[in-house]
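> With the sequence up front, the predicted model follows.
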Amino acid sequence: MGDHVIAHVHGIRVPGGPGTAIVDIFRLEDGRIAEHWDVMQQIPDETRNQNGMF
């Protein structure tokens, strides 16, 4: 069984806004969070391609 949890989240604080792309990484030890890392990026209004972030 692995000891890491990774979440890719689309956070929206203001309804109707583009929101934020968030990645949370947790390392577990004995069933508890031992370490946590995160990174956030505002989702742009316009992108160079149609793929999007989500």
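Structure's in. What do you need? Numbering: from 1, shown residues only.

> which residues pair with H8 across the strands?
Counting by DSSP bridges, H8 is bridged to V23.

> Could you check the pLDDT of it?
What the model reports as pLDDT for H8 is 96.

> try P44
With respect to pLDDT, P44 scores 89.

> Against T20, how distant is it?
Using C-beta to C-beta, to the nearest Å, P44 is found at 11 Å from T20. Where C-beta positions appear, they are placed from N, C-alpha and C, glycine not excepted.

> and I33, what are its phi and psi?
Dihedral pair for I33: phi -70, psi 120, per degrees, to the nearest 10.

> what's it in contact with, if anything?
Counting by C-beta atoms under 8 Å, 6 or more residues apart in numbering, I33 makes contact with F26, R27.

> hang on, isn't I43 packed against I22?
No - using C-beta atoms under 8 Å, I43 makes no contact with I22, being 10.2 Å away.
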